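>>> The amino acid sequence is not available; the structure is as follows:
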Ligand code: CDP
Ligand code: CDP
């Protein structure tokens, strides 16, 4: 339903978008779109086929053909459950490399818009409020100090039992922030109509409550 309400949550890596968006979606009984996972699935699919992350035309073809599905928090590529494979820093980097190509972004536009279904949607990424759903009823720019974000990513990897190097994660985040905010198409930026929410000193629950209240207020004034 193109008229179902949308809450757009954009911001840099590890600002808490996924954790916050999922909880807000659960609160309202809305669908959830993890747009970053779609770019990660594409980077993974390309790697599987030995297609370079710089090859825009071949990537756009893969983007059009790949079958993606999200179910119970797991990501599927052509019927195969690949969540663990796409949640690596390597695929985060791959995602941000494939995401610079305009042809790739165009190929994934409708895929993302199809997630807008009744009773509503919470979407997170970099361009949900600017390109995918510019008419979103509430736009949040979620951010946090880069050192805080690096620490969160570090803790997340350690908790999963993965290897983690804080200095490397910090450098990677800085590089990714730069690539995401300086690219020509759909760069990461705070929109004039977005609410700035800095989570450096607040926890997930507090951020979730602020967004829930902001959405209720936005819905009342409509
Ligand atoms: O979880 P994290 O924030 O590290 O990354 P993600 O949201 O999974 O996104 C991975 C990469 O995909 C980002 O660094 C962006 O370059 C790209 N991306 C994008 O260009 N547009 C989106 N709407 C979402 C992700
Ligand atoms: O989706 P994004 O990359 O923006 O971030 P995330 O994967 O939701 O969050 C990265 C990590 O930071 C997770 O382990 C969250 O639990 C944690 N986090 C936190 O400790 N405090 C917050 N206010 C937000 C996220």
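Structure received. These numbers were taken from a predicted model, which means no experiment stands behind them. Numbers count the residues shown, from 1 in each chain. Ligands and ions are numbered 1, 2, ... in the order given.
>>> For the rest of this, base every contact and every neighbour count on C-alpha atoms.
Fine.
>>> Does at least one residue of stretch 154-163 sit close to ligand 2?
Yes: judged by CA under 6 Å from any ligand atom, stretch 154-163 comes into contact with ligand 2 at residue 156.
>>> wait, does that stretch contact ligand 1?
No: between stretch 154-163 and ligand 1, judged by CA under 6 Å from any ligand atom, nothing touches; the nearest distance is 11.1 Å.
>>> cool, stretch 35-47 as well?
Yes: contact check for stretch 35-47 against ligand 1, using CA under 6 Å from any ligand atom: residues in range are 35, 36, 37, 39.
>>> tell me the contacts of residue 74?
Residues near residue 74 by CA atoms under 8 Å, 6 or more residues apart in numbering: 81, 82, 83.
>>> quick revisit: are any of the residues of stretch 35-47 next to ligand 1 buried, and if so which?
Among these, the ones that count as buried by 16 or more other CA atoms under 10 Å are 35, 36, 37, 39.
>>> Now the two most distant members of these.
35 and 39 (6.9 Å; CA to CA).
>>> tell me the centre residue of this protein?
Centroid-nearest residue in the chain, with CA atoms, centre = their mean: residue 125, separated by 2.9 Å.
>>> Nearest residue to that residue in space, ignoring adjacent ones along the chain?
Of all residues not flanking residue 125 in the chain, residue 10 sits nearest, at 4.9 Å (CA to CA, 6 or more residues apart in numbering).
>>> circling back: please verify my assumption that the residue nearest to the centre of the chain contacts residue 11.
Yes: at 6.6 Å, residue 125 and residue 11 qualify as touching, with contact defined as CA atoms under 8 Å.
>>> which residues do those two both contact?
In terms of CA under 8 Å, 6+ apart, residue 125 and residue 11 are both contacted by the residues residue 17.
>>> what about the strands in this protein?
Ranges of strands within the chain are 6-10, 31-34, 68-71, 74-77, 80-81, 121-125, 138-143, 195-198, based on DSSP state E.
>>> do stretch 102-120 and ligand 1 meet?
No: using CA under 6 Å from any ligand atom, stretch 102-120 stays clear of ligand 1, with a minimum separation of 7.9 Å.
>>> so residue 34 makes contact with residue 18?
Yes: under the criterion of CA under 8 Å, residue 34 makes contact with residue 18 at 7.0 Å.
>>> overlap in contacts of these two?
Common contacts of residue 34 and residue 18 (CA under 8 Å, 6+ apart): residue 124.
>>> mind putting the buried ones among the residues of stretch 35-47 next to ligand 1 in JSON lines, pLDDT included?
Shown next, in JSON lines, are those (pLDDT from 0 to 100):
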{"residue": "35", "pLDDT": "98"}
{"residue": "36", "pLDDT": "98"}
{"residue": "37", "pLDDT": "98"}
{"residue": "39", "pLDDT": "98"}
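>>> quick one: contacts for residue 144?
Neighbours of residue 144 in contact, by CA under 8 Å, 6+ apart: 15, 198, 199, 200.
>>> pLDDT score for it?
Residue 144 is assigned 98 on the pLDDT scale.
>>> And residue 196, by the same measure?
Value for residue 196, per-residue pLDDT: 97.
>>> Tell me the bridge partners for the closest residue to it other than its chain neighbours.
With CA to CA, 6+ apart as the criterion, residue 196 has its nearest non-adjacent residue at 4.8 Å, and that residue is residue 141. Per DSSP bridges, residues listed as beta-bridge partners of residue 141: residue 10, residue 196.
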